[in-house]
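Novice: Below: sequence and its predicted model.
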Amino acid sequence: MTVLGGIDRRLLQNVDWPLLGAMGGLVVLSATTLASLHIGRAGGNVAFRQLAWFALGLCALVVVASIDYRRLVRLAPLFFVFGLLGLASVFVMGRTVSGARRWILLGPMSVQPAEIFKICFVLMATWVLTSRWAQPVGKTTLALTVPVLAVPAVLIVKQPDLGTALLLLPVLTALLVGAGIRLRLLGGVALAGLAALPLVWFLAMKEYQRERILVFLDPFRDPLGSAYNVIQAKIAIGSGQLVGKGVAGATQSRLAFLPERHTDFIFAVFAETWGFVGCLVLLTCYALLLLRGFEIAASAREPVGRLIALGVTALFATQVLVNVGMVTGLLPVVGVPLPLMSYGGTSMLVSLSAVGLLLSVRMRQFQ
Amino acid sequence: MNNWTGPGYRGSLPGRRDAAQQRIMTMSIVVIAALLVIVCQLWYLQVLEGGRFQEASDKNRIRIRPIAAPRGILFDRNGLPLVDNRPTFTLSLIPRELERDPAKRDATLGRVAALLHIPYQELQEAVAKVSSDAILPVRIRRGLSIADMQKVEEWKLELPGVIVEVEPQRVYPNSRFAAHLLGYVREANDDQLKQGRYRRGDMVGQTGLERLLDEFLRGKDGGERIEVDAMGRPVRLVQSTEPHPGAQVVTTVNRRVQEVAEKLMEGKTGAVVVMDPRNGDVLAMVSTPAFDIDRFTGTIDRDAWLRVMKDPEFPMLNRTIQSQYPPGSVFKMVIAAAGLQEGTLTPADRVHCQGEFPFGGRVFRDWKKEGHGSVNLMDAVAQSCDIFFYGAGLKVGAPAIVKYGAAFGFGTPTGIELGTEKFGLLPAPKSPRRGRPPVWHPGETVNMSIGQGQLLVTPMQVARFMSAIANGGVLWKPRIVQRIERQELGVIWSDAGSVNGHVELNPAVWAFLRRSLWAVVNTPNGTGAGARIPGLDIVGKTGTAQTVANSKSEKGQDHAWFASFAPARDPEVVIVVLVERGGHGGSVAAPIARQIYNAIFFEKVASIDISG
């Protein structure tokens, strides 16, 4: 295969082992946590399914890493359009789970187009920011990124999947900063956005929409909504104490008081089982992963590689911070999975492909 | 073309790679700092507060109980409630609190089924519909009897996850009262749930004002967090959030008038609109047959539902705005207005009516076989002479008729926001296109002159039209809601009324129209004599609209209209009555209007509040 033929020995020498190590560590922690939950699903235990997805994801990682990322970026508009079509397809053939249409069925699997879109978004943003029209980086560049952000944001919010939509903005901001935009310009735009908020709030929004945002910011406004999840998650985490209760003792998680315990709230399960010490190990893995990502971005020799690495890293960072921040009660509840930990096939596949992109940049930085 | 991604490309910041590196370095520091904040929070939760949470986890017996907010009340214009709330018992299941073991759970459901005689299948389906993690109750039966409620309470310990909630539910003065105007309230259906605006089990206004104002009427549910012991008995109230009741709505309806009109229409199919011509206020809005509004609120069984939906009389239809009828002779007032204003008719025009009008190889007949003899315009209105108007229509011409018909609001919606309003149909003669036969036949003009042919109107449009004659040309948008008030905020929405059109006619023309309408009711030969009340000047126009003559109704084929207002000087009330296949407007519809006027102007209770 020409794809795999692209990996010559020189490339293999530059494989980033610490990055892969951090990734592997996280997957092991994820599998053990999922195994401890004993959630039976059609088709087997979630831990096995997660590992199956991991195997598939590894293949994706190898394929992505072996392709020159510049070729991928050249095809970015194509990916972007396909990504948008995927997002739109949930409205036509989507499967509704608890009020949100986020999945589409492809054969025996259900796929979450919003997850796949995250990568398409990073590629597209990189393509736009490094295109000729975007040079020099300034107001024009900013204007070019508006449709890249707005079109998918509308589609994702409609699903509704507020969490994914909120990820796009910080990722784009990181890319703009990395592309060298003047901070004063960025700050000005941010201020203008803040100033426009009251207008949107009072003129464009209906009362029930405002109420929903208020509940989002303060779950305790609506005792029947997500407040319950937050309370249960806090109890689970707190009761883990310093060293955790171990698999057998993690009653909060085992007895299913915790909602979404194998997906968005998996951190709470982990924290209850392994305590503060375990959490430090987990967060260290993430810190390692993110720092390697930033290092790859910083050491990239040319803007495309730098921005791709930066975008992927920003994507990981935002998801980790938002998810853990939400589960520990620091941030409002948004449906964002914890990458590499949460159960979810699409998410696993996408996270590993993202790592593949980082590797691709890393391996080619000395070319 | 694509060499910008090539290896030789150095990017937009030649020589500034260090700057970029610095920025990336800063970003990584920000991220690590954020991670440290999380570590601090974990230290706080797990180490500092860990003991407390450990305790909470040991007896994790927190339960959430929603407290349903009462829906807002709708009042009539004088502060009388049109609808009220009453607490009722609802049997609910809380999926999360059901037994986790499927066998034990099924046993619980079986016990409930046996205790309350609910099909076991129904319980299974209700539980299967939602996630087993759901903390919100799934409502199984609303309106539980006290005996049933006590049974559940007695067996409480054997029924984990089964609760009886107290929910406020709608009660109505009588089961069909203002059914179309108010609309019914029902649990959110699957389509509404998909919008993401409601929770499963929420009561949502489905038709009428309940639907239009649902956003305001629905309150905000509160909730309680309680701690229970191992047996599921409440030990301590941890937190409680009060429910916010929905907003109060003051309508323009006069409850007494509505009741009188409904009573008079009992057993008939048709519609009544009572309107204040001075501001467009809808004082009453009746459509019959009505549906049992209270039956739709609870769990309606399939058969009852199908019976209503398949009823050939369409009880769900709001005939005041959703049914279209030929206006019949009521439309003659448009011909008269157009002709007088344009100068194609004069009050002195005279026609000798012998009951027949040959035109275009056809003979158009009068409703009175032997004819009306020699009539002038006013006589023709009073006696509703068709022959006179056949000729008059031709003189005025289709374009002018359509112009004035449109000016009086026919063919355009009244703007009432109560459900999907029909527009009616004002056929417009189009200029013939080349190579095609002309689309308008003069015969159609003849037909339109007496309100037949393709012409279609809704009773609400006729009420707006009569109001315009009464008030000198102002087309009011019908107003049903005066204001909406919230307990703590006061008036949050109000409607001062709005005008959606204006008709300019010479004052002499207005005066003539009113005088001829007066003659309809108050002269010996007038067709509207059935509406006459000594001591009150009622004016109006009868109409008898022919329909496609293949109905098997034994009452006849014609729709009876009576469109009227009173008092003639300074009109305060417009009443439009339509009885489907009722017969002659003068003999069927006019007496109904008379009795409503009688109630408004001569029965003390109603007369005090009419101007309020």
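Specialist: Alright, I've got the coordinates. Residues are numbered from 1 along each chain as shown, chains lettered A, B, ... in the order given.
Novice: what about stretch B:178-189, average pLDDT?
Specialist: For stretch B:178-189, mean pLDDT is 89.
Novice: sorry, that was for stretch A:35-42
Specialist: Regarding stretch A:35-42, the rounded mean pLDDT is 62.
Novice: these two touch, right, B:Leu455 and B:Met448?
Specialist: Yes: taking CB atoms under 8 Å as the definition, B:Leu455 is a contact partner of B:Met448 at 5.6 Å. Yep, even glycine has a C-beta here, placed from its N, CA and C like the rest.
Novice: Now do the helices in the stretch 51-200 of chain B.
Specialist: B:102-116, B:120-129, B:146-154, B:179-182, B:190-194 (DSSP state H, counting those that start in this stretch).
Novice: out of the ones you listed, nearest to B:Val520?
Specialist: helix B:179-182 (29.0 Å; CB to CB).
Novice: Which strands and helices lie in contact with that closest one?
Specialist: The helices and strands touching helix B:179-182, judged by 3 or more CB pairs under 8 Å, 6 or more residues apart in numbering or on different chains; DSSP states H and E, are helix B:208-212, strand B:282-288.
Novice: ok, 6 Å please
Specialist: Helix B:179-182 is packed against helix B:208-212, with contacts defined by 3 or more CB pairs under 6 Å, 6 or more residues apart in numbering or on different chains; DSSP states H and E.
Novice: So which residues make contact with the next helix or strand after the helix it packs on?
Specialist: As assigned by DSSP states H and E, the chain's next helix or strand after helix B:208-212 is helix B:214-217. By CB atoms under 6 Å, 6 or more residues apart in numbering or on different chains, the residues outside helix B:214-217 that reach it are B:Arg71, B:Gly72, B:Val204, B:Gly205, B:Gly246, B:Ala247, B:Ile484.
Novice: Name the nearest of those relative to chain A.
Specialist: Distance to chain A, by CB to the nearest CB, is smallest for B:Ala247 among the contacts of helix B:214-217, at 10.4 Å.
Novice: Return the distance of the closest one relative to B:Pro66.
Specialist: Between B:Ala247 and B:Pro66 the computed distance is 20 Å (CB to CB, to the nearest Å).
Novice: does any bit of the helix or strand hosting A:Leu282 sit next to chain B?
Specialist: Under the criterion of DSSP H and E, A:Leu282 resides in helix A:266-299. Yes: where contact is defined by CB under 6 Å from any CB of the partner chain, part of helix A:266-299 touches chain B, namely A:Phe276, A:Cys279, A:Leu283, A:Ala287, A:Leu290, A:Phe294, A:Ala297, A:Ala298.
Novice: just checking, what packs against that helix?
Specialist: helix A:17-37, helix A:227-240, helix A:251-254, helix A:303-327, helix A:345-363, helix B:17-42.
Novice: The first one relative to helix A:266-299, how many degrees between them?
Specialist: Spelled out, that is helix A:17-37. Angle of helix A:17-37 versus helix A:266-299, following axes from the mean of the first three to the mean of the last three CA atoms, to 10 degrees, is 170 degrees.
Novice: Helix A:17-37 and chain B in contact?
Specialist: No: applying CB under 6 Å from any CB, one finds helix A:17-37 out of contact with chain B, separated by at least 12.9 Å.
Novice: which non-adjacent residue is nearest whichever residue of the stretch 501-612 of chain B sits closest to chain A?
Specialist: Using CB to the nearest CB, the single residue of the stretch 501-612 of chain B nearest to chain A is B:Gly501, 28.9 Å away. Spatial nearest neighbour of B:Gly501, chain neighbours left out: B:Leu475 (3.5 Å); criterion: CB to CB, 6 or more residues apart in numbering or on different chains.
Novice: For the residue of the stretch 501-612 of chain B closest to chain A, which three-state class applies?
Specialist: Three-state assignment for B:Gly501 (DSSP: H, G, I helix; E, B strand; the rest coil): strand.
Novice: And the residue of the stretch 151-300 of chain A closest to chain B?
Specialist: Taking CB to the nearest CB, the stretch 151-300 of chain A has A:Gly238 as its residue nearest chain B, at 2.6 Å.
Novice: Comparing the helices and strands packed on helix A:266-299, which yields the minimum mean pLDDT?
Specialist: Of all the helices and strands packed on helix A:266-299, the minimum mean pLDDT falls on helix A:251-254 (a mean of 60).
Novice: just to revisit the earlier point, between the residues of helix A:266-299 next to chain B, which is closest to B:Val260?
Specialist: For the residues of helix A:266-299 next to chain B, the minimum distance to B:Val260 (CB to CB) is 73.3 Å, reached by A:Cys279.
Novice: For the closest one, which residues are in contact?
Specialist: A:Ala271, B:Leu42.
Novice: make it 10 Å
Specialist: A:237, A:240, A:244, A:267, A:270-271, A:324, A:328, B:38-39, B:42-43, B:45-46 (CB atoms under 10 Å, 6 or more residues apart in numbering or on different chains).
Novice: which among the residues you listed end up buried?
Specialist: In terms of neighbour count (16 or more other CB atoms under 10 Å in any protein chain shown), the buried residues within the contacts of A:Cys279 are A:237, A:240, A:244, A:267, A:270-271, A:324, A:328, B:38-39, B:42-43, B:45-46.
Novice: Look up the closest residue to A:Gly57, ignoring the ones flanking it.
Specialist: A:Gly57's closest residue in space is A:Leu352 (CB to CB, 6+ apart), at 3.3 Å.
Novice: whoops, I mixed them up, A:Val171
Specialist: Nearest non-adjacent residue to A:Val171, counting by CB to CB, 6+ apart: A:Ala314, 4.7 Å away.
Novice: The one you found and A:Val322 touch, don't they?
Specialist: No: between A:Ala314 and A:Val322 there is no contact under CB atoms under 10 Å: 11.9 Å.
Novice: So for the two, which residues contact both of them?
Specialist: Contacts common to A:Ala314 and A:Val322, judged by CB under 10 Å, 6+ apart, are A:Leu167, A:Pro170.
Novice: B:Pro137 and B:Asp148, how far apart?
Specialist: Counting by CB to CB, the gap from B:Pro137 to B:Asp148 is 16 Å.
Novice: Looking at these two, which is more packed in?
Specialist: B:Pro137 (27 against 18; other CB atoms under 10 Å in any protein chain shown).
Novice: isn't that one right up against B:Gly161?
Specialist: Yes: counting by CB under 10 Å, B:Pro137 touches B:Gly161, with 9.5 Å between them.
Novice: what touches both of those two?
Specialist: Common contact partners of B:Pro137 and B:Gly161 (CB under 10 Å, 6+ apart): B:Ser92, B:Leu93, B:Ile94, B:Pro95, B:Glu97.
Novice: how about low-confidence regions in chain A?
Specialist: Applying pLDDT under 70 to chain A flags the ranges A:1-10, A:38-44, A:93-109, A:159-160, A:204-209, A:212, A:216, A:219-227, A:248-261, A:366-367.
Novice: coming back round to it: so what's in contact with B:Leu455 and B:Met448 at the same time?
Specialist: Shared contacts of B:Leu455 and B:Met448 (CB under 10 Å, 6+ apart): B:Pro326, B:Pro327, B:Phe331, B:Val334, B:Ile401, B:Val402, B:Gly405, B:Leu426, B:Pro427.
Novice: How about the contacts made by the third one?
Specialist: Applying CB under 10 Å, 6+ apart, we find B:Phe331 in contact with B:389, B:393, B:401, B:405, B:408, B:410, B:448-453, B:455, B:457, B:462, B:465, B:541, B:543, B:545, B:561, B:563.
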